[in-house]
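> Give me coordinates for this.
(one chain, ligands or ions: 2)
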Amino acid sequence: AFDWTSYHSTTEIQNFLVDISAQHKDISEVITIGKSTEGRDLKLIRIGANGGTRKKAYFMDGGIHAREWISPAITTWFVNELLSNRNKYTALLNQVDFYILPVANVDGYEYTRSSSRMWRKTRSINSGSTCVGVDPNRNFDVEFGGPGTSSSPCSEIYKGEKAFSEPETKAIRDFVVSRGKTTADWKIYNAIHSYAQMILTPWGYTYDLPADYRKMRDLGDKAAAALKAVHGTQYKVGSVTEILSAGAGGSDDWAYGSGNFEYSYTIEVRDTGAYGFILPPQQIIPTAQETFQAVLTMANALI
Ligand code: 0X9
Ligand code: ZN
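Ligands and ions are numbered 1, 2, ... in the order given. Now for the predicted structure:
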C-alpha cells in the first residue's frame, strides 16, 4: 500500500491516484492531461462532488522541479486526506473542485530517482547543445524570457526555445484553458515547490505588484497563520520579486496574468536549508499536515 514514510516513484504515485479514485468514484476522477517528452503520462486527479454544473475550481501543480521531492509527497497526502476523510470536507467538496497534479515533471522526477538527485529541469533534448532540459517554471508565457531566466540550454533556469515548448507545461495550459470553458470556474492556482518556507504571490517577472496584491496577500497571510498553528513553522508571505528573486515564465505568473485564475500562489515548503531539497522522509507527514491547513484556508475563502 501507498504511504508517506518514504518517497515514491511516478508509477507508484499515479497508481495511488487511480486506486484511491476507484474507491471514491462519486467524488473523483483521474484525468491524463498529456504525455511527457519521454512518453510518460501526466495524470491529475479531480476531487469534488460529481455533477454537471460549473464549479469553483482550484488547481495545484506539484513536482514541476524534479529534485523537490517533498512536493509530490505532500500533494498525494492532500489527495488522501480529502478522500479518506471526505466527511470532514463535505461542504467544501460540494462547492469546489480540486485538480491536483502531483508530478508535473515526470521525466525529471524519474531522472532524480535513477541518475542525478539534484536534477531540476525537464529531460527534453536541446538542438545544437549537449545540455538537456528546460526549466519548466520559466517556460510559461507571461513575459517569457524576462528577468531571472536564461537563453543558455546549459543553465538551470533555461527558458526553452519558446513558451510552452515543453509538453508538460503545454499540457497544463491546454487543460486549464479547455476545462475553463466547460466545468471549471478557476479561482485559485497553487504551485508547490521547495524549499524556502514562503507563500509567494505574483509577480515573478517584475518588481511591480499586481492589481490584486492586497487581496492575494491578505489570504496568503491567513494561510501562513493557519500553517504555523499546526507545528509552529514560520513562513514569509509576499510577492516573488519582493521576498525571493525574479524569475519570469513561472506557472504562478501565467495562471494570474493570463486571466484564468483570480488568486495565484507558489508555496515553497520546508525547510530553509538545513536539509534543503533532500528533506528527510520523516518530515513528509508534518509538512503535509501544516501545508494542508494553508490550502484549506485558501479553499474555504471560496465558499
Ligand atoms: O525559481 C523558481 O522557479 C521557484 N523557486 S525554486 O527554488 N523552487 O526553484 C520560485 C518560483 C516563484 N515564481 C516565479 N519565479 N514566477
Ligand atoms: Zn521549484
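> Now the helix or strand Thr112 falls within: buried residues?
Element membership of Thr112, judged by DSSP states H and E, is helix 106-114. Neighbour counts over helix 106-114 (16 or more other C-beta atoms under 10 Å) mark Val106, Asp107, Gly108, Tyr109, Glu110, Tyr111, Thr112, Arg113 as buried. (Glycine included, C-beta is placed from N, CA and C.)
> ok, so of these, who is nearest ligand 2?
Gly108 (10.9 Å; C-beta to the ion).
> Do me a favour and get the end-to-end distance for stretch 91-107?
37 Å (C-alpha to C-alpha, to the nearest Å).
> Actually, stretch 134-147.
Start and end residues of stretch 134-147 are separated by 16 Å (C-alpha to C-alpha).
> and it, does that touch ligand 1?
Yes: judged by C-beta under 6 Å from any ligand atom, stretch 134-147 and ligand 1 are in contact via Asn137.
> For Lys162, report the pLDDT, please.
For Lys162, the pLDDT comes out at 98.
> Which of the helices or strands spans it?
Using DSSP H and E, Lys162 sits within no helix or strand.
> which residues does Glu29 bridge with?
Judged by DSSP bridges, the bridge partners of Glu29 are Arg46.
> Tell me who's in contact with it.
By C-beta atoms under 8 Å, 6 or more residues apart in numbering, the contact list for Glu29 reads Ser21, Ile45, Arg46, Asn50.
> Contacts only, for the last one.
The one in question is Asn50. Residues near Asn50 by C-beta under 8 Å, 6+ apart: Asp26, Ile27, Glu29.
> so where's the stretch 51-200 of the chain uncertain?
Per-residue confidence for the stretch 51-200 of the chain (pLDDT under 70) gives these ranges: 52.
> So Trp254 versus Lys25, what's the distance?
To Lys25, Trp254 is 32 Å away according to C-beta to C-beta, to the nearest Å.
> Not including adjacent chain positions, what is the nearest residue to Ala184?
Once flanking residues are discounted, Ala184 sits nearest to Ala57: 3.8 Å by C-beta to C-beta, 6 or more residues apart in numbering.
> Helix, strand, or coil at the one you found?
strand (DSSP: H, G, I helix; E, B strand; the rest coil).
> Relative to ligand 1, how far out is it?
For Ala57, the distance to ligand 1 equals 21 Å [C-beta to the nearest ligand atom, to the nearest Å].
> Thought Arg179 was touching that residue, still the case?
Yes: at 7.4 Å, Ala57 counts as touching Arg179 under the criterion of C-beta atoms under 8 Å.
> Please enumerate the shared neighbours of the two.
By C-beta under 8 Å, 6+ apart, the residues touching both Ala57 and Arg179 are Tyr99, Trp186.
> The helix holding Thr112 - contacts with which helices or strands?
Packing partners of helix 106-114 (3 or more C-beta pairs under 8 Å, 6 or more residues apart in numbering; DSSP states H and E): helix 10-23.
> pull the CA atoms of the helix it packs on into PDB?
The C-alpha trace of helix 10-23 is given here as PDB (Å, rounded to 0.1, in the frame of the first residue of the first chain):
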ATOM      1  CA  THR A  10       5.900   8.300 -10.600                       C
ATOM      2  CA  THR A  11       4.300   5.000 -11.300                       C
ATOM      3  CA  GLU A  12       3.500   4.300  -7.600                       C
ATOM      4  CA  ILE A  13       2.100   7.800  -7.300                       C
ATOM      5  CA  GLN A  14      -0.100   7.600 -10.400                       C
ATOM      6  CA  ASN A  15      -1.300   4.100  -9.400                       C
ATOM      7  CA  PHE A  16      -2.200   5.500  -6.000                       C
ATOM      8  CA  LEU A  17      -4.300   8.200  -7.700                       C
ATOM      9  CA  VAL A  18      -6.100   5.600  -9.800                       C
ATOM     10  CA  ASP A  19      -6.700   3.300  -6.800                       C
ATOM     11  CA  ILE A  20      -8.000   5.900  -4.400                       C
ATOM     12  CA  SER A  21     -10.200   7.400  -7.100                       C
ATOM     13  CA  ALA A  22     -11.700   4.000  -7.800                       C
ATOM     14  CA  GLN A  23     -12.700   3.900  -4.100                       C
END
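> in what helix or strand does the residue nearest the centre of the chain lie?
Using C-alpha atoms, centre = their mean, the residue of the chain that lies closest to the mean C-alpha position is Asp61, 2.3 Å off. Using DSSP H and E, Asp61 maps to strand 55-62.
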